[in-house]
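>>> here's my sequence, what's the structure:
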Amino acid sequence: MNSDEVAAPKPVTDDDGMSWWYRWLCKIAGVLGGVSCAISGVWMCVTVNPLNIAAGVWMVLNAFVLFLCEVPFCCQFIEFANAVAARADKFKPWQKAFFYCGMALFPIFLSFSITTLFGNAIAFATGVLYGLASLGKKGDAVSYARLNHEKQGDEEKMTGTTDGSI
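This next block holds a predicted model:
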């Protein structure tokens, strides 16, 4: 072991391919999704239909989970809020996308109405934003053109032509 390995510890990075503004956009969408789920969920509970009540309770639960995972300082009086938020931050974006979209679709399957559609739309959009983040950054035109040119050169080598004629 030489002195360079001991002196320079590797920095721990939380690089999941998301820029700071996109991470904040996802968090803001999560908060707005939580608010819309909470309001619509309470509105859905004001009925006598048991499926509407179940969907409303699930939507309020969705709002709680969104607040807990995205903005734990809103739940500062809950003992386990920071532990849950720290665990949720360790998830990959595609895992959050799958979780949030599935969470938002369940009340729609329970009780299909405009209230459940609009109430869960922003929570579903949060999942979509995390899903887009899992795809990664968009490539630039120069590297794409270079890749396309190399691919064309490989095809010419395989066919044995360089002038484009067959």
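
>>> where is the longest helix in this structure?
helix 20-44 (DSSP state H).

>>> residues contacting it, please?
The contact list for helix 20-44 (Cβ atoms under 8 Å, 6 or more residues apart in numbering) reads 18, 52-53, 55-64, 66-67, 69-71, 100, 104, 107, 111, 113, 115-116, 118-126, 129-130, 133. Glycine gets a C-beta too; all of them are placed from N, C-alpha and C.

>>> what number of residues lie near Phe80?
11 (other Cβ atoms under 10 Å).

>>> again with Phe64
If we define neighbours as other Cβ under 10 Å, then Phe64 has 17 of them.

>>> what helix or strand does it sit in?
Under the criterion of DSSP states H and E, Phe64 resides in helix 50-70.

>>> helices or strands up against that helix?
helix 20-44, helix 81-89, helix 93-110, helix 114-135 (3 or more Cβ pairs under 8 Å, 6 or more residues apart in numbering; DSSP states H and E).

>>> list only buried entries from the contacts of helix 20-44.
Among these, the ones that count as buried by 16 or more other Cβ atoms under 10 Å are 18, 52-53, 55-64, 66-67, 69-71, 100, 104, 107, 111, 113, 115-116, 119-126, 129-130, 133.
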